[in-house]
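S.K.: Whatever this is, show me its structure:
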Amino acid sequence: MTTWTPRIAAPLLVAAMGTLALIGPAAAQGPDGVPGDRLVVPLPDLSGLDGDQAQEMARRLARAGLVTAECPAYDVSDPEWQLLTGSTDAVMKVLGVDAVTFDRDYVRPEFAAFSESDACDRLGPDVAVLITELEERGGSAQPVTPEPATPEPAAPQDPATPDAQPEADAPAE
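M.R.: Here you go, the predicted structure:
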């Protein structure tokens, strides 16, 4: 029988939390943001990445998500977090993977780097470099207000009967 010791359970719990932290917010924003969302940032266009470039970007985004979750000295602002998670969603689309596959193939392997005591100091500075690269690709950590949707124009009334009302709304005689 398997005993769930902290040594076994802790990494599994951290993996689950890391996956939720990466994937949950990423699904909240499309390329044009989510109208009414509290925070919307422009996302980079990652659709032009070839297979190898997309895989490398996925590894870097997974590592950045773990660094920001595990290393308090390398925490990022909410807009930067949205940029990272929105970019994660975009690269998942390029790779054609779902959240479970992304976690298995990209997030979990990055946990190995955190077994070393100097992991935060060694990997932390790469987060700022990645954010800068995402901004150079068209993303931004500066929140924007999405344009409100323009209402549909009202159907034109028949000019011959300007006061006509539908039968249901017509006054009783």
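S.K.: hang on, isn't Ala119 packed against Ala112?
M.R.: No. Because the distance of 9.6 Å does not satisfy C-beta atoms under 8 Å, Ala119 is recorded as not touching Ala112. In this view, the C-beta of every residue, glycine as well, is placed from N, C-alpha and C.
S.K.: Those two - which one has more neighbours?
M.R.: Between Ala119 and Ala112, counted using other C-beta atoms under 10 Å, Ala119 has the larger neighbour count: 19 against 9.
S.K.: dump the residue contacts of that one.
M.R.: 70-71, 113 (C-beta atoms under 8 Å, 6 or more residues apart in numbering).
S.K.: if we go to 6 Å?
M.R.: Neighbour list for Ala119: Ala113 [criterion: C-beta atoms under 6 Å, 6 or more residues apart in numbering].
S.K.: just Pro44 next, same as before
M.R.: 87, 134, 137-139.
S.K.: One more pass at 10 Å, please.
M.R.: 31, 57, 83, 86-87, 90-91, 133-140 (C-beta atoms under 10 Å, 6 or more residues apart in numbering).
S.K.: Quick one, which of those residues are buried?
M.R.: Buried by 16 or more other C-beta atoms under 10 Å: 57, 83, 86-87, 90-91, 134-135, 137, 139-140, out of the contacts of Pro44.
S.K.: Mind putting these into a markdown table with secondary structure?
M.R.: What follows is the buried ones among the contacts of Pro44, written out as a markdown table (DSSP: H, G, I helix; E, B strand; the rest coil):
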| residue | secondary structure |
| --- | --- |
| Met57 | helix |
| Leu83 | helix |
| Gly86 | helix |
| Ser87 | helix |
| Ala90 | helix |
| Val91 | helix |
| Leu134 | helix |
| Glu135 | helix |
| Arg137 | coil |
| Gly139 | coil |
| Ser140 | coil |
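S.K.: Let me have those in a markdown table, extended by pLDDT.
M.R.: Formatted as a markdown table, those follow (pLDDT from 0 to 100):
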| residue | pLDDT |
| --- | --- |
| Met57 | 97 |
| Leu83 | 96 |
| Gly86 | 95 |
| Ser87 | 97 |
| Ala90 | 95 |
| Val91 | 97 |
| Leu134 | 97 |
| Glu135 | 96 |
| Arg137 | 95 |
| Gly139 | 95 |
| Ser140 | 94 |
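S.K.: Quick check on Leu66: phi, psi?
M.R.: Main-chain dihedrals, Leu66, degrees, to the nearest 10: phi -70, psi -40.
S.K.: Sketch out the helices for this protein, chain order is fine.
M.R.: Along the chain, counting by DSSP state H, helices occupy 6-27, 51-70, 78-95, 99-102, 108-110, 119-123, 125-136.
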